[in-house]
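K.L.:
The following block contains a protein sequence and its predicted model.
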Amino acid sequence: MKERIGVYICHCGGNISDYVDVERVRQAVENDRGVVLAKTTVFACSDSNQNDMVDDIKKHNLDGVIVASCSPKLHLATFRSVTERGDLNKYTYVHTNIREQASWAHSDDKIGATEKAILLVKAAIAKSRYAEPLYPNQFEAEKTIAVIGAGISGMKAAVSLSDKNTSVILIEKENKVGGHTATWGPLAMSDEKGSDLSHRIYSDLLQRDNVTVLTGSEVISSKGSIGNFTLKVRKRAQQAGDPVETMEFNVGSVVVATGFDPYLPKAGEFGFSSYENVITLPDFKHLIDSFSGKYLEYRGKRINRIAYIYCVGSRQVDGENRYCSRYCCTSVIHAAIQAKKKFKEIYNFHFNRGIRTYGKQELLYAESLQQGDIYLQSFEDAPPQVYAENGKTKVKIKDVLTKEKELEIEADLVVLVTGMVPRADNSIGTMFKLPKGRDKFFNEVHMKLRPVETVIDGITIAGTCQGPKNIVESVNSALSAAAKSYSYISKGMLETEPIVAEVNTDLCAWCGKCAEACPFDAIGQKDVNGKQVAVINNSVCKGCGMCAPVCPPDAINLINYSSEEIMSMIEQLAGG
Amino acid sequence: MNEEREVLNYDALVVGGGIAGGEAALNLANTGYKVLLVEKDRSLGGKMILLSKVFPTLDCSACITTPKVSEIARHKNITIFTESEVTAIVKKSENNFTAQITKKPRYVRVEDCTACQLCEKACPVSVRDEYQFGLIGRKAAFIPFSIANPKAAAIDIENCTLCGACEKVCPTHCIDFTMETKYYELHAKTVVLATGFNLFDPLLIPRYGYGQYKNVITSMQMEREIAPTRPFNTILRPGDGKVPDRIAYVLCTGSRDATVGNPICSQICCMYSIKQAQLLMGALPMADVTIYYINIRSFGKGFEEFYQQAKGMGVNFVKGKIGKIAEKENGDLILRYEDINEGVVREAEHDMVVLSVGVKSNPTVGKIFGRGELKLDPFNFVAQEDLLGSPSKTSIDGVFVAGTASAPMDIPDSILSAGSASSEAISYLIQHQEL
Ligand SMILES: Cc1cc2nc3c(=O)[nH]c(=O)nc-3n(C[C@H](O)[C@H](O)[C@H](O)COP(=O)(O)OP(=O)(O)OC[C@H]3O[C@@H](n4cnc5c(N)ncnc54)[C@H](O)[C@@H]3O)c2cc1C
Ligand SMILES: Cc1cc2nc3c(=O)[nH]c(=O)nc-3n(C[C@H](O)[C@H](O)[C@H](O)COP(=O)(O)OP(=O)(O)OC[C@H]3O[C@@H](n4cnc5c(N)ncnc54)[C@H](O)[C@@H]3O)c2cc1C
Ligand code: SF4
Ligand code: SF4
Ligand code: SF4
């Protein structure tokens, strides 16, 4: 039982104290049983307050610490480490969130927000009294890392890991490496050909004896968790008659780099598949790269006037894809410049929704204006229309510059500037249970604090599988992910959270309900003295607690959230 | 130069202690390398530590920066030199760099200072507070800002009159006017450049009236007005302390503008202006906020949604280029602009104008190396020699670039770029390990 608890109530520089009367909270809890110290602080997470806390723990001989502040996602780890620096077991620290749960949720009701904050802190104090010291689970990590997807992101992650003297298994579904990049000609912003770029990185990879590249291969199952994943990989027959090979690899971490799909317009969307001269941006890039005549031709017809329709499949007002695909303004302008340079009598018309050539990419936009390209911008709720009249394809727009007057342009070729969408094949996401964001791409834990990690420990995400990116951005993300995956295994030993479920084998009668409820597949079945009981895999269990309430004989307990702790908290929340 | 130089040995030198340099230093240190982090200012954290909240998640910037900074400050593998400059770096051979470092005196022993602020109260000298971007003043003996790291007093010797008042009141006797500049010679195996960006100086566009009209401020000043560690308790216009209710934003101030020598887009100002507009709508529910723009560039993850949200909240977006700003007698401002949607020139009255100043390079970084050794791009950002293949490689093998030292970028991109630079630096260290 903890009897010397210190409580810190954070202003969060106004984020909390603008709505919650933090001084009232302090007064309301300072005389609670076990509390020997209750303080308010402007920024609990600041270095100076952290130092004060360490001093307080020692000076007042505290045995429990509580901070009432922001979400534990942000700072649970921060304050656990402060507690540790005060020579206390870090799991005796209890966090309570009065920002998201009190001040932000009830910014219209200051009194109510304050009362709720008081109850939350009292509940935390009740829990703190029962908090026990715990010790992380330690185990040895496999020294090999798997990278899934051999586009530019996956290949660069593999090079970077190999450079760190780490063995890499690079697994690519297609028979060729390089992903989309390998199919492009000259690229923004350096004019290097995508095929050359892909080739030079692949050649580098081939010279390394700690890299195994498996093409035509897919991961069909994954077992285990951070430090020790077992991946089953199936390699397709390369030629008819060859056997299908199935292999198993033990790896410490996995970098997911499965990339994106180009948006495929629906039939009839801006004339797509209705008129044969309406094509997508990937098709257009391939066309201008492969065609070698003086004049550009498509399906035997000479092309002079090209209309580009921007944001197809992105920034949708009605559709699902609300996001901007970020690469496409720059890519299409680059392609339009290339076309004009390579072929005679090309006239480019850009039907855009506000050009987004951010950063130095603006120079391409300036160059395109310089070469005489015409830009027409539509209103957000009135996209341009593609239609046919007298055998000609035309594009009609209400341009923001000319306001109400409609403009009409005849085009020999209409290029739909298609955005990036998540891969339709989500087998990897399903297998590893990777969460997705609003845009349906894989989601990071925190955009600024942990941008390449996922909530599944040991799995990092690289490149466009996390969201639209150009190549520079993809490579930066890939190298960050490689460094993060490397950091998991580089020390040999790994630690995981001790807050997991535990089974009372005397009570358990193996009905399997817990295993069904577990979202992480952490529960199996084993024989104990001739009786079937549930068994928890400690390195997979996330301590989410889904299993405990479904167990009919109440045989599952969540460490750090015992029934005693939870009941005492509920009692406080219900008003003591 | 014949001063005594103390010799230091580290695995990695990181130049610049903003979010990019901090992230790079942490990654290296967590992998087990000894890092010297050199920051020229009095605190770590760069521009980010002074921001209010950050787009597109509206996390409080201090809440993300301060714990990172304190992790850096406490890390056993990281040594921090603030108020220090790297004056020269020479590459002797692969894996072997020598750097000259000058550490200026703070005149306060940081270990002993409790940040009690008594010196601040005693000091009779008031000067412009650069950490509040001139919105208020500060003393010559002062704590840079409340969440600075290290959080300790410093003496601004340029403005100090040596009256000794601070020394007398300091309860821990940590003020020491005998401190001198120290010189070091550092041997390191790799270098990460994270020297960040400079803000565009709006005095270069006189027709906007910055410096002349008091109610024309920069976005960085507005950032301070809405930050949790803000100088005033509310948002007010500097001219007369009135709470503004018609606020205008002028996007692309000093960006996308060849006439001021900066044709590129700064990539962050659309988004931070939208962010500030949202925060202002929250703080001043009755205020009108108008954003004058050429294009809105909300391109990143969650950005377009953030822009649409601002529109939904009632922020007024006007596609128009500002010609000129004029001041009325009561301090209100008249904006003359070309309304692109309407195709006419119009005038609008606002009581406060925020200039969304752009990102300029910090060209000092080029001078650290021998003539022409470190290549810069035409805008004086550090050139990325293998742009698509290895974006953090510079023209010198073993020297990597992180964050806005190579191009304008927001915080998420700066952090990924720092991840990339530190990943390359770790690879370089491993590949050149002496056996
Ligand atoms: C039309 C167009 C033009 C572009 N132009 C430019 C430009 O000029 N400049 C620029 O910088 N960027 C450009 N880009 C962006 C660039 O293509 C991307 O940034 C880059 O391709 C992203 O690489 P990636 O490795 O993340 O994804 P991808 O290229 O999609 O690679 C992913 C790889 O993973 C593999 N994979 C997928 N699922 C599995 C699985 N389950 N198991 C195993 N392997 C799997 C795929 O087969 C593929 O090889 C352009 C994009 C498009 C669409
Ligand atoms: C008004 C405003 C609002 C913003 N809002 C947001 C936002 O909401 N969200 C977002 O994502 N981004 C935002 N940004 C962008 C963000 O500030 C930058 O992305 C980020 O600060 C870049 O970090 P950095 O480390 O690269 O550079 P900096 O922050 O500039 O850090 C560089 C550091 O290096 C030091 N230094 C420089 N030269 C030397 C030298 N020679 N020797 C030693 N040290 C040196 C500097 O003192 C500084 O501490 C905003 C920017 C502004 C101007
Ligand atoms: S980058 Fe340009 S074309 Fe692509 S979705 Fe964004 S605004 Fe539209
Ligand atoms: S000695 Fe300098 S810093 Fe100290 S109080 Fe006097 S003027 Fe201020
Ligand atoms: S980000 Fe927006 S405001 Fe900044 S320069 Fe680019 S277009 Fe202009």
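P.N.:
Structure received. Ligands and ions are numbered 1, 2, ... in the order given.
K.L.:
Direction included, what does the biggest strand by length in chain B pair against?
P.N.:
Longest strand in chain B, counting residues (DSSP state E): strand B:316-327. According to DSSP bridges, strand B:316-327 forms sheet pairs with strand B:288-293 (parallel), strand B:333-339 (antiparallel).
K.L.:
Please work out which of the ones you listed is packed deepest.
P.N.:
Greatest average neighbour count among the strands paired with strand B:316-327 goes to strand B:288-293 (a mean of 23), per mean count of other C-beta atoms under 10 Å in any protein chain shown. Bear in mind the C-beta positions are built from the backbone N, C-alpha and C, glycine included.
K.L.:
Next secondary structure after it?
P.N.:
helix B:303-313 (DSSP states H and E).
K.L.:
Give me the helices and strands touching that following helix, please.
P.N.:
The elements that helix B:303-313 packs onto, with contact taken as 3 or more C-beta pairs under 8 Å, 6 or more residues apart in numbering or on different chains; DSSP states H and E, are helix B:269-283.
K.L.:
do the helix it packs on and ligand 5 meet?
P.N.:
Yes. Helix B:269-283 is in contact with ligand 5 by C-beta under 6 Å from any ligand atom, via B:269, B:270.
K.L.:
What residues does the stretch 251-400 of chain B have near chain A?
P.N.:
Proximity of the stretch 251-400 of chain B to chain A, by C-beta under 8 Å from any C-beta of the partner chain, involves residues B:256, B:263-267, B:295-305, B:308, B:319, B:340-343, B:377, B:379, B:384, B:387-392.
K.L.:
So among the residues you listed, which ones count as buried?
P.N.:
Neighbour-count burial within those applies to B:256, B:263-267, B:295-305, B:319, B:340, B:379, B:384, B:387-392; the criterion is 16 or more other C-beta atoms under 10 Å in any protein chain shown.
K.L.:
domain parsing for the chain?
P.N.:
Using chain A here. Domain assignment for chain A by automatic domain parsing gives A:5-134, A:144-259+A:423-493, A:269-420, A:497-559.
K.L.:
I was thinking of chain B, sorry if that wasn't clear
P.N.:
With automatic domain parsing as the reference, chain B has domains B:5-104+B:181-196+B:362-431, B:110-169, B:200-358.
K.L.:
And the pLDDT at the residue in chain A sticking out farthest from the centre?
P.N.:
Most distant from the centre of chain A: residue A:390, at 49.1 Å, with distances by C-alpha atoms, centre = their mean. What the model reports for residue A:390 is a pLDDT of 92.
K.L.:
quick one, helices of the chain?
P.N.:
In the absence of a named chain, this looks at chain A. Secondary structure of chain A, counting by DSSP state H: helices at A:22-29, A:47-59, A:72-85, A:110-130, A:152-163, A:194-206, A:281-290, A:328-342, A:362-370, A:427-432, A:471-489, A:513-517, A:563-573.
K.L.:
wait, I meant chain B there
P.N.:
Taking DSSP H, the helices of chain B run over residues B:19-30, B:61-74, B:118-122, B:165-169, B:219-226, B:269-283, B:303-313, B:364-367, B:411-431.
K.L.:
Give me the distance between the two termini of stretch B:252-272.
P.N.:
Distance between the two ends of stretch B:252-272: 12 Å, counting by C-alpha to C-alpha, to the nearest Å.
K.L.:
how about it, does it reach ligand 3?
P.N.:
No. Stretch B:252-272 does not reach ligand 3 (C-beta under 6 Å from any ligand atom); its nearest approach is 12.0 Å.
K.L.:
Show me which parts of that stretch are buried, residue by residue.
P.N.:
By neighbour count on 16+ other C-beta under 10 Å, the buried set for stretch B:252-272 is B:252-257, B:260, B:262-272.
K.L.:
Please apply the same query to stretch A:66-80.
P.N.:
Residues of stretch A:66-80 classed as buried by neighbour count (16+ other C-beta under 10 Å): A:66, A:67, A:68, A:69, A:70, A:72, A:74, A:75, A:76, A:78, A:79, A:80.
K.L.:
quick one: contacts for the residue nearest to residue A:102 when sequence neighbours are not counted?
P.N.:
Excluding the flanking residues, the one nearest residue A:102 by C-beta to C-beta, 6 or more residues apart in numbering or on different chains is residue A:117, at 4.2 Å. Contacts were defined as C-beta atoms under 8 Å, 6 or more residues apart in numbering or on different chains; by that measure residue A:117 touches A:16, A:20, A:22, A:25, A:68, A:98, A:102, A:103.
K.L.:
deepest of the domains of chain B, which one?
P.N.:
Mean neighbour count (mean count of other C-beta under 10 Å) peaks for domain B:5-104+B:181-196+B:362-431 among those, with a mean of 22.
K.L.:
what's the spacing between it and its chain's center?
P.N.:
Here domain B:5-104+B:181-196+B:362-431 is found 14 Å from its chain centre; the criterion is C-alpha atoms, centre = their mean, to the nearest Å.
K.L.:
and it, how far apart are its ends?
P.N.:
For domain B:5-104+B:181-196+B:362-431, the first-to-last residue distance is 30 Å (C-alpha to C-alpha).
K.L.:
Establish whether it and ligand 4 are in contact.
P.N.:
No. No part of domain B:5-104+B:181-196+B:362-431 sits near ligand 4 under the criterion C-beta under 6 Å from any ligand atom; the closest distance found is 13.9 Å.
K.L.:
Briefly note if that domain comes near ligand 2.
P.N.:
Yes. Under the criterion of C-beta under 6 Å from any ligand atom, ligand 2 is reached by domain B:5-104+B:181-196+B:362-431 at B:15-21, B:38-41, B:46-48, B:51, B:54-55, B:85-86, B:194-196, B:362, B:364-365, B:403-404, B:409-412, B:414.
K.L.:
Any regions of chain B where pLDDT drops low?
P.N.:
Along chain B, the model assigns pLDDT under 70 to residues B:1-3, B:435.
K.L.:
nearest spatial neighbour of the residue positioned nearest the centre of it, skipping sequence neighbours?
P.N.:
Of all residues in chain B, the one closest to the mean position by C-alpha atoms, centre = their mean is residue B:47, 2.4 Å from it. Using C-beta to C-beta, 6+ apart and skipping residues adjacent in sequence, the residue nearest residue B:47 is residue B:18, 6.4 Å away.
K.L.:
now do residue B:137
P.N.:
Distance criterion C-beta to C-beta, 6+ apart; nearest residue to residue B:137, sequence neighbours excluded, is residue B:126 at 4.5 Å.
K.L.:
again with residue A:436
P.N.:
Closest to residue A:436 by C-beta to C-beta, 6+ apart is residue A:443, at 5.7 Å.
K.L.:
Against residue A:138, how distant is the one you found?
P.N.:
Going from residue A:443 to residue A:138 by C-beta to C-beta, to the nearest Å gives 29 Å.
K.L.:
of the two, who's got more company?
P.N.:
Neighbour tally, residue A:443 and residue A:138, criterion other C-beta atoms under 10 Å in any protein chain shown: the higher count belongs to residue A:443, 19 against 10.
K.L.:
Pretty sure the more buried one sits against residue A:429.
P.N.:
No. Using C-beta atoms under 8 Å, residue A:443 makes no contact with residue A:429, being 10.2 Å away.
K.L.:
between those two, what contacts are shared?
P.N.:
residue A:436.
K.L.:
which residues does residue A:496 contact?
P.N.:
Residue A:496 sits next to A:136, A:137, A:139, A:225, A:226, A:457, A:538, A:539 when contact means C-beta under 8 Å, 6+ apart.
K.L.:
any idea of the angle the longest strand of chain B forms with helix B:269-283?
P.N.:
Strand B:316-327 runs at 90 degrees relative to helix B:269-283, counting by axes from the mean of the first three to the mean of the last three C-alpha atoms, to 10 degrees.
K.L.:
Check what contacts strand B:316-327 and list those residues.
P.N.:
So strand B:316-327 is contacted by A:400, B:207-209, B:212-213, B:215-216, B:250, B:288-294, B:296, B:311, B:333-341, B:345-346, B:353 (C-beta under 8 Å, 6+ apart).
K.L.:
make it 6 Å
P.N.:
Outside strand B:316-327, the residues within contact range by C-beta atoms under 6 Å, 6 or more residues apart in numbering or on different chains are B:207-209, B:213, B:250, B:290-292, B:333-341.
K.L.:
same deal with stretch B:144-160?
P.N.:
With C-beta under 6 Å, 6+ apart as the criterion, stretch B:144-160 contacts A:46-48, B:42-44, B:62, B:66, B:69, B:73, B:106-108, B:110, B:113, B:115, B:119, B:125, B:127, B:131, B:140-141, B:143, B:229.
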